[in-house]
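Engineer: Next comes the sequence, and after it the predicted model I'd like to discuss.
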Amino acid sequence: MSNVKIRIAEDFSDAPGARYKKDGPDSGELFYDVLLKEKFEQALSEHSKLVVDMDRTYGYATSFLSEAFGKLSENYGPETVLSVLEIISHEDESVRDYTLEIIKNPNKK
Amino acid sequence: MQRKNFINRAKSRASTPKTVKAPSTCSLIENPATAIKFFTSAEDGYRNHSAVVYDFTSTEEVTETFAAALIAHIKDRNINLGKSSKIIWPESQVCHQKLRKLGIFGKVEKDKNEIDLEHLQTQKLTNSKVQNQLAKEIVNSSSQFIYGETVRIKELYSILIEIMANTNNHADVKNSGKYPWWMVIFGDSKLDVVKFVLLDLGVGIFESLPVKKFGYRIQGTLPVLETQRLHLGMKINYMRANRLATIFNALSEGRINSSTQDPTRGRGIPRIVDCAKSGHFRKFNIITNDAFIDVVQDSVYAMDAHFSGTIYYFELKKFQL
């Protein structure tokens, strides 16, 4: 079974925005609604991994990450998310660390 | 009788312009307290008089930070209440020419939202929400200026988005989105840096509710130091500076949540501080309320002037990639 993949720069935006749709384009809320949730559920149903490649973007706001991955963790539980999700962030390891921290502590991001 | 005189005086003020005299050195970084008092006086003029006359007769030096704030005051109806602004030019021809080059008067006359001037790389003003494509364009043009090629400087992009988002999710929840942010960018080929001035015309970091609450909690826990001295033209109050530094450190470490009371917030300032110290920035200053913060040098000063809002000033430099 092959992994489900999201390459944020190519599949969503190379310039991610802030938290909510009302904040402006390409928000964390939009990313969750149109891509992350669907791909996560696909990975769950296929018993595969969801690999999220965060490289090749211009960078991330903390609000984007906390909205998208925090919501995922709140809705599916940290343990389930951590067992399914694989984060790739070679260009900026702090982004990976921060995202994992959010998933582990969705209410303390 | 007294009441009648008061009303007459108020009417008289309202029908006449207020002249605000600019200092010799107009800089929010080198001379912050004086510059803030100048703009506070102008704001009073817009509120209580028919117009404001900016008198630069004795001015010898005007920096980009000051120019950015001046543009915002002249252009922003939230500040000028739709009243007019006039300029008295400096007697110094050098300063006169520099003011022209900074584009302040072109900006006022042309009334456009974006202008490109001869030695300036980019200059933008906006009152919109978080603009990711604008931030991307700025990273591209800034890196082109510094490196001669387009480089994804993630630290710069993150700072721009965090500041925009922080302004948008305003400290004063009721006024969220009401206050615009202003951004002015200057390419300095002599120093080989790109200078950024971002103005958040909200309540300011230390006046936001959660920060105020944190301030109340730590009251009495700090040592009392009464000594004062001068620094950057500011009379430094060590007791206040110590208090501001304690609060800012807590903010930088993510120990103060945002005004929404949502525990998932409050990570914007820590991210800004981390990026500011990444090595990409020659200077990174935050002026907010009565605080002057040098983020790169880890210093916090208390000014004897109060700015209702936040000014971010930073210089992007060449960095070993």
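Structural biologist: Looks like it arrived, so ask away.

Engineer: Count the neighbours of B:F39 for me.
Structural biologist: Residues lying near B:F39 (other CB atoms under 10 Å in any protein chain shown) number 21. No exception for glycine: its C-beta is placed from N, CA and C like everyone else's.

Engineer: now do B:I311
Structural biologist: 26.

Engineer: Any regions of the stretch 51-200 of chain B where pLDDT drops low?
Structural biologist: Scanning the stretch 51-200 of chain B for pLDDT under 70 picks out B:102-129, B:168-180.

Engineer: now the strands: where do they sit in it?
Structural biologist: B:51-55, B:61-62, B:84-88, B:181-188, B:193-200 (DSSP state E, counting those that start in this stretch).

Engineer: can I get the ones you listed in CSV with mean neighbour count?
Structural biologist: Listed next are the strands of the stretch 51-200 of chain B as CSV, based on neighbours: other CB atoms under 10 Å in any protein chain shown:
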stretch, mean neighbour count
strand B:51-55, 19
strand B:61-62, 20
strand B:84-88, 15
strand B:181-188, 22
strand B:193-200, 24
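
Engineer: now for these, which one comes closest to chain A?
Structural biologist: strand B:181-188 (12.1 Å; CB to the nearest CB).

Engineer: packing partners for that closest one?
Structural biologist: Here strand B:181-188 touches helix B:64-75, helix B:132-147, helix B:154-168, strand B:193-200, going by 3 or more CB pairs under 8 Å, 6 or more residues apart in numbering or on different chains; DSSP states H and E.

Engineer: starting at the chain centroid, how far to the last one?
Structural biologist: Going back to what we said before, that points to strand B:193-200. Once both centres are worked out by CA atoms, centre = their mean, to the nearest Å, strand B:193-200 turns out to sit 8 Å from its chain's centre.

Engineer: now it against helix B:132-147, angle please.
Structural biologist: 150 degrees (axes from the mean of the first three to the mean of the last three CA atoms, to 10 degrees).

Engineer: Which strands and helices lie in contact with the next helix or strand after strand B:193-200?
Structural biologist: Toward the C-terminal end, the helix or strand that comes next after strand B:193-200 (DSSP states H and E) is helix B:209-218. Using 3+ CB pairs under 8 Å, 6+ apart as the contact test, the elements touching helix B:209-218 are helix B:238-252.

Engineer: could you give the angle of the longest strand along chain B to strand B:181-188?
Structural biologist: If you go by DSSP state E, chain B has its longest strand at strand B:299-316. Strand B:299-316 runs at 60 degrees relative to strand B:181-188, counting by the same axes, to 10 degrees.

Engineer: what lines up beside strand B:299-316 in the sheet?
Structural biologist: Applying DSSP bridges to the sheet, strand B:299-316 is found paired with strand B:193-200 (antiparallel), strand B:281-294 (antiparallel).

Engineer: Can I get the shortest one as CSV, trimmed to CA atoms?
Structural biologist: The C-alpha trace of strand B:193-200 is given here as CSV (Å, rounded to 0.1, in the frame of the first residue of the first chain):
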residue,chain,number,x,y,z
VAL,B,193,20.4,46.3,3.3
VAL,B,194,16.6,46.4,2.8
LYS,B,195,14.9,48.5,5.4
PHE,B,196,11.4,47.7,6.5
VAL,B,197,9.0,49.8,8.5
LEU,B,198,5.7,48.3,9.5
LEU,B,199,3.2,50.3,11.5
ASP,B,200,0.4,48.6,13.4
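
Engineer: quick one, what contacts B:A165?
Structural biologist: By CB atoms under 8 Å, 6 or more residues apart in numbering or on different chains, the contact set of B:A165 is A:A18, A:R19, A:D23, A:A61, A:S63, B:V130, B:G268.

Engineer: would you list the residues you listed in CSV and tack on neighbour count?
Structural biologist: Shown next, in CSV, are the contacts of B:A165 (neighbours: other CB under 10 Å):
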residue, neighbour count
A:A18, 31
A:R19, 25
A:D23, 27
A:A61, 31
A:S63, 32
B:V130, 30
B:G268, 25
